[in-house]
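> any chance you could fold what I've pasted below:
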Amino acid sequence: MGECKDTISAPIAENYHVEVVDSRPDSSPYTGSHAILHFGDGPPLSVPIALLDKYSKLSSHCEWDMSLHLEDIPGDTGHVLVYYFLTGMYQCLRPKGTSFLEKSAAEFGTSVRAYAIAREYELSALETLAKGEIERLGRDIPVTQLLDMVMNAYSPPTADDPWFHNYLKSLIEPLMENPPVHLISSPAEQSGQTLSVLGILLRAIVELWSEKKRVLQPSPSCSVTGQCQGEPTAIIPSEEGPIPEPELDEIGNLVVKSRKKKGPGPGAFNRT
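From the prediction side, this is the model:
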């Protein structure tokens, strides 16, 4: 009997080719005319028109001399915007501050402004990058300070922004279950300290929620059946008739006579 062998034909290397999409430009986009972007502070920055034209909602605001005035955007956020146009990536300037918290707060504010600008001008990739920065930097900042910064950097937030709504919700929810000391301590214990209006509002919400939880929580002396010590036991009427009233016996003890069961009525055993 002959031996049967499987044969597999290997592809010939010179005939085997995978088509790869080449996204490199035919000519450098850094040549030609540049748009000059003016921000709220700092020197103007330039971007090749060929790159800016990819974002029509922003480039449509260019004036006849190829200048773009964005004075409502701070210069440090403007750098994030221009760096994104040139590289497709996120970068902010070195944050100012003397402590780690101050630097983190400054960088967080920049990321929130970049996020707001990305949504306003439909820069979807920059919006995604800014989300990551907001989540990363927000971990190191106290919630009350973070909310104050959000109010200043993203004001007013749009109603059709479910991601940002859920992000703020994820920050506030833990405060309801385990509020920090500065939100539950008495005003006398915080003498001399200051709170923003938002901080005062947040503190009031936490206090109201804590009070509501205390009212809704069952007493530790309550049983699993819901009957608590000190509560009168409900008397459920019986089919055997009303419960007899307690009486005093000859020596003054309180007794309750047993109930007589109702027997069969007259004729119950009569046979027809």
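> tell me how many other residues crowd residue 166.
Counted by other CB atoms under 10 Å, the residues lying close to residue 166 total 9. Glycine gets a C-beta too; all of them are placed from N, C-alpha and C.
> secondary structure class for it?
helix (DSSP: H, G, I helix; E, B strand; the rest coil).
> can you give me the helices for the protein?
49-52, 56-59, 75-87, 100-120, 124-138, 143-153, 162-177, 181-184, 197-216 (DSSP state H).
> buried residues in the first one, which are they?
Okay, so that is helix 49-52. Along helix 49-52, these residues count as buried under the neighbour rule (16 or more other CB atoms under 10 Å): 50, 51, 52.
> that older thread, to residue 66, which of the helices of the chain lies closest?
Residue 66 sits nearest to helix 49-52 of all the helices of the chain, at 6.6 Å, using CB to CB.
> using PDB, write out every CA atom in the closest one.
Coordinates of the C-alpha atoms in helix 49-52 are reproduced here as PDB (Å, rounded to 0.1, in the frame of the first residue of the first chain):
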ATOM      1  CA  ILE A  49      -2.600  76.500   5.700                       C
ATOM      2  CA  ALA A  50      -2.500  73.000   4.200                       C
ATOM      3  CA  LEU A  51      -2.800  71.500   7.700                       C
ATOM      4  CA  LEU A  52      -5.300  74.000   9.000                       C
END
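> circling back to that earlier point, among the helices of the chain, which gets the worst mean confidence?
Comparing mean pLDDT over the helices of the chain, the weakest stretch is helix 181-184, at a mean of 55.
> okay, buried residues for stretch 147-158 please.
Here stretch 147-158 shows 147, 148, 149, 150, 153, 154, 157 as buried, counting by 16+ other CB under 10 Å.
> which two in those residues are spaced the farthest apart?
Farthest apart among the buried residues of stretch 147-158 - using CB to CB - are 148 and 157, which lie 13.9 Å from each other.
> go through the helices of the chain and name the closest to residue 40.
Among the helices of the chain, helix 75-87 sits nearest to residue 40 (CB to CB), with 6.4 Å.
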